[in-house]
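# any chance you could fold what I've pasted below:
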Amino acid sequence: MTEQDLALLIAAALFAAFALGWVAHWLWSVTTRKRSPEALRVEAIAADLLQAEAERDAVREAKAETETSLSTEFTAREQKLEVKLRETEAELAATMDGLRAARQELIDKR
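Prediction:
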């Protein structure tokens, strides 16, 4: 075995020991992990944020539905008022014609 082979073998053994130690440390930290108060607080804030976003989305959806229904109701009322306005204008025109005819009749009788 040459010096180079020996160096490569030692390097490989050291790398394998490092990798094995890293994997063992990772497994140990995963299995014995205790939740820190900071991590619990972050999780609580994240849950509150998700709930707030869900409520916001529900409010936006309700707002959109309300706007749609109000728009429909407004359009219907506007149409009814336009019809009533046309009827009132027609009655006014008829009344004015009647008054004009009555005035003309009075002028003609004098």
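# outline the domain layout of this structure.
When the chain is parsed with automatic domain parsing, its domains come out as 1-33, 34-109.
# including mean neighbour count and mean pLDDT, could those domains go into JSON lines?
To be clear about C-beta, it is placed using only N, CA and C from the backbone, and glycine gets the same treatment. Converted to JSON lines, the domains of the chain look like this (neighbours: other Cβ atoms under 10 Å; pLDDT from 0 to 100):
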{"stretch": "domain 1-33", "mean neighbour count": "9", "mean pLDDT": "93"}
{"stretch": "domain 34-109", "mean neighbour count": "10", "mean pLDDT": "94"}
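# center of the protein, which residue is that?
The chain has Asp57 as the residue nearest its centroid, 4.0 Å off, counting by Cα atoms, centre = their mean.
# name the helix or strand for that one, please.
helix 37-109 (DSSP states H and E).
# from Ala52, how far out is the residue of the chain most remote from its centre?
Residue distances from the centre of the chain (Cα atoms, centre = their mean) peak at Arg110, which lies 76.8 Å from the mean C-alpha position. To Ala52, Arg110 is 83 Å away according to Cβ to Cβ, to the nearest Å.
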